[in-house]
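A.B. asks: Starting from these lines, generate the structure:
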Amino acid sequence: MSETPGPLGYGKVLYKKLNFNSLGDNVAISGEAGKIIKVFQIVFVVAGNVNIVFKDGATALTGAMAMLKNGSITLDYNGLNWFSASLDEDFIINLSGGVRCSGGIYYTIT
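C.D. replies: Modelled structure (predicted):
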């Protein structure tokens with residue numbers, strides 16, 4: 001994990017590699033007591049057909065998004081965070097099947 005100065009008022013931006021292939025909830029960023037996660041940028045590729053849901057703990061932030069083999073998602077930095085995880089909650093990427101998901105994520109936790 002590396003860090004760089006973050007957007008005004010959001011603290012330092014952290015980077016984490018994404019690499020998982022488990023069916024169901026995969027913790028992309030672990031929550032911390034008394035802190036909120038904000039996702040500013042994310043990119044990943046899936047190795048097979050799969051549906052993806054971004055989650056704030058147990059709460060879905062998106063509907064199921066169908067991805068085809070070698071499909072990718074890129075959410076570039078746009079000045080605002082794309083997703084937030086509530087106080088103490090994990091930011092989760094849910095996979096409908098055991099398909100490799102690889103990439104990276106830039107976030108703050110404050």
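A.B. asks: give me the low-pLDDT residue ranges for the chain?
C.D. replies: Scanning the chain for pLDDT under 70 picks out 1-10.
A.B. asks: For it, which segments count as strands?
C.D. replies: Taking DSSP state E to define them, one finds strands in the chain at 2-4, 13-20, 24-29, 37-46, 50-56, 59-60, 65-67, 72-75, 83-85, 91-95, 101-109.
A.B. asks: tell me the contacts of the spatially most central residue of the chain?
C.D. replies: Centroid-nearest residue in the chain: Ala28, 5.3 Å away (criterion: CA atoms, centre = their mean). Ala28 makes contacts with 16, 18, 90-93, 105, as judged by CB atoms under 8 Å, 6 or more residues apart in numbering. C-beta: built from backbone N, CA, C; applies to glycine.
A.B. asks: Scan the residues you listed and report the most crowded one.
C.D. replies: Phe91 (25 neighbours; other CB atoms under 10 Å).
A.B. asks: Let me see the contact set for it.
C.D. replies: 27-29, 31, 37, 39, 54-56, 83, 85, 107.
A.B. asks: Could you rerun that using 6 Å?
C.D. replies: Residues in contact with Phe91 (CB atoms under 6 Å, 6 or more residues apart in numbering) are 28-29, 37, 85.
A.B. asks: tell me which of those residues is nearest to Gly11?
C.D. replies: When those are compared for distance to Gly11 (CB to CB), Ile37 wins out at 11.1 Å.
A.B. asks: Could you check how many residues crowd around the closest one?
C.D. replies: Neighbours of Ile37 (other CB under 10 Å): 26.
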